[in-house]
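[1] Need a 3D model of the following:
(4 chains)
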Number of protein chains: 2
Amino acid sequence: MRPTMKDVAAEAGVALKTVSRVVNNEPGVNAATAERVRAAIERLGYSRNESARVLRQGRTSSIGLVIEDVGDPFYSGVSRAVEEVAIKHGSLVLSGSSGEEPAREKELVLTFCTRRVDGLIVVPAGSDHSYLRAELDAGTPAVFVDRPAGPGLDVDTVLCDNAGGARLAVEHLLARGHRRVAFLGDSPAIYTASERERGYREALGDLVDERLISMAQPSLDGARAVLDRMLGMDDPPTALFTGNGRCTVTALRALEGQRIALIGFDDFELADLLNPGVSVVAQDPAGLGRVAAELLFRRIAGDVGPVERITQPVRLVARGSGEIGPTGMPTG
Amino acid sequence: MRPTMKDVAAEAGVALKTVSRVVNNEPGVNAATAERVRAAIERLGYSRNESARVLRQGRTSSIGLVIEDVGDPFYSGVSRAVEEVAIKHGSLVLSGSSGEEPAREKELVLTFCTRRVDGLIVVPAGSDHSYLRAELDAGTPAVFVDRPAGPGLDVDTVLCDNAGGARLAVEHLLARGHRRVAFLGDSPAIYTASERERGYREALGDLVDERLISMAQPSLDGARAVLDRMLGMDDPPTALFTGNGRCTVTALRALEGQRIALIGFDDFELADLLNPGVSVVAQDPAGLGRVAAELLFRRIAGDVGPVERITQPVRLVARGSGEIGPTGMPTG
DNA sequence: GTGAAAGCGCTAACAG
DNA sequence: CTGTTAGCGCTTTCAC
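    Presented below is the predicted three-dimensional model:
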């Protein structure tokens, strides 16, 4: 169907290998011959079959990316950055969403391996990654992003400072006079959620009140019930710290305009347009993706240095909601 | 390095082909033999090299997806849906962002073709797709999404009703008494932008005033200047129609709370949380992606019916900003 | 400079 | 039920 190198060789009246040389810009081909080959390629509309090249060379020039959900702005930011770096290295990206299901994560990773990707970038959904051991041993490097690999797997990891960010947020609220700070986080099974909870507890110290902590998948009704209960207490929270972007948005909807200090983990588009603007602890998804991808390509290129564990800083972006005082009035 | 079928065959004491049969679940293998092979596979940690299979079968079980930017929520929605459908068909997705650059689009498409993807889904950035002719002729089906292919290329296309949606928005404003409706759209070189402009003009008819139309890349300062100019006129607009999600957000920022009726094309997260809620013409990115992918897989499966041009409906979501009257007061 | 031959790991086609 | 042979399209090796 499609013309092959053999066809081009016949058309140009040269040997197969000469075509290969021209296609790969290898030196040692007479300029006139090369020109004849190029003409034949043009005439036949030849394009190299990468599958055959891959089979022979063992390098696919592609990497696998497993994230939680491309539809989520945080992960699509990571995605975009990874793609960018991959292009720069002449590599393509095979990507898939795990939807927070460990089985799906495993399936995607193994499928990518079966395609012999040169490397893997994984936002893990599960906590058992023993299935990766064989692939790592076979020489496929992997970098974990946003969450660490399960126990027993020593692998490059790029995280952001979850606990530190949470401390930052809570300290910001404490400095403005709050003593009753509630926490709405995602399921503690998720690494980032439990790390942020840890930072929250560390910052609050003796002020921790278990009744002000709720860790669960954020549904609107659920959040509403939780907030109603908390705000109905004798000593209700005067501030709220939400554990990720989805929690923040859910909480904002559930609050229905009730005025309470709020800081959310994760920045989101339009946070500045709400009234008051939503103060957040901002991560840098693009930075996360870029650093992870660059590390991966270093490994692919043969870097066998010790396992790296990189923590990216986060920063607090004050927009108003986090600067409301315990009495409901804005503070410095 | 990695074990091959040959290794497994040796380990199990059978012929290569028997291993192949077991790996592919082909019938006609003695249960005991199959078990022996499976044990060998397990022992050696064998996983099939998909590259070799691809080379032999000519099917890569992968499709290429070219969008404008994975980081954009609209396109990541499309992406997610495509991925979903692909998984269902046992296919992987190679994806890349064109960043609205025709050269990048072409490069991505051709790279995917060189990898022999089974099919292509393309959100075109450019308007010349003659480079695709050879690939289509070679039997690689393609579906264009969101925007049609350039002239001369008869190919399956899934669009949404851009002009109809724009009409819907403008008529909604007209019905509430507006006579001065401005339009802030993206560059008219982009198909969706010019289609929406067309719908806007059709709905307004004689009320069109060229001074109320601005079509350009939406920068914040640019939007601010345009809006200042328009709102400073003797007969300023009382309503604004924005041509896509980015334009809407930019306009909202530029307006800085100035109260004017507004309807935007494209829905966006948190539109309901702003005050007033932002009325929009909502597309269905997931639907767009799903329909396109399903059509593509029908083609890959051999459907050679006539070229399809599918238009997806849009719907108006009233949230408040589009229901402000010419005097600035809410209307029914 | 150029070319012939071998083989990457697998599946298709046929033979036993 | 099992095995043998050929060959997908390319790169590698070595010979001319």
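[2] Strands of the stretch 101-250 of chain A, residue ranges please.
    Counting by DSSP state E, counting those that start in this stretch, the stretch 101-250 of chain A has strands at residues A:119-122, A:142-145, A:156-160, A:181-185, A:213-215, A:239-242.
[3] what would those look like in CSV with mean pLDDT?
    Below are the strands of the stretch 101-250 of chain A laid out as CSV (pLDDT from 0 to 100):
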stretch, mean pLDDT
strand A:119-122, 97
strand A:142-145, 98
strand A:156-160, 98
strand A:181-185, 97
strand A:213-215, 96
strand A:239-242, 98
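[4] Tell me which of the ones you listed is the most buried.
    Comparing these by mean neighbour count (mean count of other CB atoms under 10 Å in any protein chain shown), strand A:239-242 ranks first with a mean of 30. (C-beta placed from N, C-alpha, C; glycine too.)
[5] Give me the residues contacting that strand.
    Defining contact as CB atoms under 8 Å, 6 or more residues apart in numbering or on different chains, one finds that strand A:239-242 is touched by A:166, A:169-170, A:173, A:178, A:180-185, A:200, A:227, A:248, A:251, A:260-265, A:324, A:326.
[6] And these, which of them are buried?
    By neighbour count, with 16 or more other CB atoms under 10 Å in any protein chain shown, the contacts of strand A:239-242 hold A:166, A:169-170, A:173, A:178, A:180-185, A:200, A:227, A:248, A:251, A:260-265, A:324, A:326 as buried.
[7] Find me whatever residue is spatially closest to the residue in the stretch 51-200 of chain A that DNA strand D sits nearest to, sequence neighbours aside.
    Proximity of the stretch 51-200 of chain A to DNA strand D (CB to the nearest atom of the strand) peaks at A:Ala52, 3.2 Å away. In this structure, A:Ala52 finds its nearest non-sequential neighbour in B:Leu55, 5.4 Å apart by CB to CB, 6 or more residues apart in numbering or on different chains.
[8] Now name the helix or strand holding the one you found.
    helix B:50-57 (DSSP states H and E).
[9] Pretty sure A:Tyr46 sits against A:Ala9.
    No. Using CB atoms under 8 Å as the test, A:Tyr46 is too far from A:Ala9 to be in contact (10.3 Å).
[10] between these two, who's got more neighbours?
    Using other CB atoms under 10 Å in any protein chain shown, the more surrounded residue of A:Tyr46 and A:Ala9 is A:Tyr46, with 21 against 18.
[11] Can you read off the pLDDT for the more buried one?
    With respect to pLDDT, A:Tyr46 scores 91.
[12] And for the one 10 residues further on?
    At A:Arg56, the model reports a pLDDT of 92.
[13] Might you report the residue contacts of it?
    With contact set as CB under 8 Å, 6+ apart, A:Arg56 has no partners.
[14] before we move on, the earlier item: is the helix holding B:Leu55 positioned near DNA strand C?
    Yes. Against DNA strand C, helix B:50-57 shows contacts by CB under 7 Å from any atom of the strand at B:Ala52, B:Arg53, B:Leu55, B:Arg56, B:Gln57.
[15] State the pair within these that is farthest apart.
    Farthest apart among the residues of helix B:50-57 next to DNA strand C by CB to CB are B:Ala52 and B:Gln57. That separation is 9.6 Å.
[16] before we move on, could you check phi and psi at A:Ala31?
    phi -60, psi -40 (degrees, to the nearest 10).
[17] so how far is stretch A:1-14 off the chain centroid?
    The chain centroid and the centroid of stretch A:1-14 are separated by 44 Å under CA atoms, centre = their mean, to the nearest Å.
[18] For the closest residue to DNA strand C within the stretch 201-332 of chain A, which residues are in contact?
    In the stretch 201-332 of chain A, the residue that lies nearest DNA strand C is A:Ile300 (18.4 Å; CB to the nearest atom of the strand). Applying CB under 8 Å, 6+ apart to A:Ile300 gives the contacts A:Ile63, A:His89, A:Asp118, A:Gly119, A:Pro141.
[19] Leaving out sequence neighbours, find the closest residue to the last one.
    It stands for A:Pro141. A:Arg299 (3.6 Å).
[20] interface residues of chain A facing DNA strand C?
    A:14-18, A:21, A:28-30, A:33-34, A:52, A:55-56, A:58.
[21] quick one: which of the residues you listed is most hemmed in?
    Neighbour counts for the residues of chain A next to DNA strand C (other CB under 10 Å) peak at A:Thr18, which has 22 neighbours.
[22] what's around the nearest residue to A:Phe112 once chain neighbours are set aside, how many residues?
    With CB to CB, 6+ apart as the criterion, A:Phe112 has its nearest non-adjacent residue at 3.1 Å, and that residue is A:Gly64. The tally of other residues near A:Gly64 (other CB under 10 Å) stands at 26.
[23] and A:Gly64, bridged to which residues?
    Taking DSSP bridges as the rule, A:Gly64 bridges to A:Leu94, A:Leu120.
[24] Could you measure from it over to DNA strand C?
    Here A:Gly64 is placed at a distance of 18 Å from DNA strand C (CB to the nearest atom of the strand, to the nearest Å).
[25] And A:Ala86, by the same measure?
    24 Å.
[26] Can you list the low-confidence ranges for the stretch 101-250 of chain A?
    Within the stretch 101-250 of chain A, no range satisfies pLDDT under 70.
[27] Those residues of it touching chain B, which are they?
    A:Leu110, A:Thr111, A:Phe112, A:Cys113, A:Thr114, A:Arg115, A:Arg116, A:Ala134, A:Ala138, A:Gly139, A:Val249 (CB under 8 Å from any CB of the partner chain).
[28] What segments of chain A are helices?
    Assigned by DSSP state H, chain A shows helices spanning A:5-12, A:16-23, A:31-44, A:50-57, A:73-88, A:102-114, A:133-137, A:162-175, A:191-204, A:220-231, A:245-255, A:285-300.
[29] Tell me what angle the fourth one forms with helix A:16-23.
    In other words, helix A:50-57. Angle of helix A:50-57 versus helix A:16-23, following axes from the mean of the first three to the mean of the last three CA atoms, to 10 degrees, is 110 degrees.
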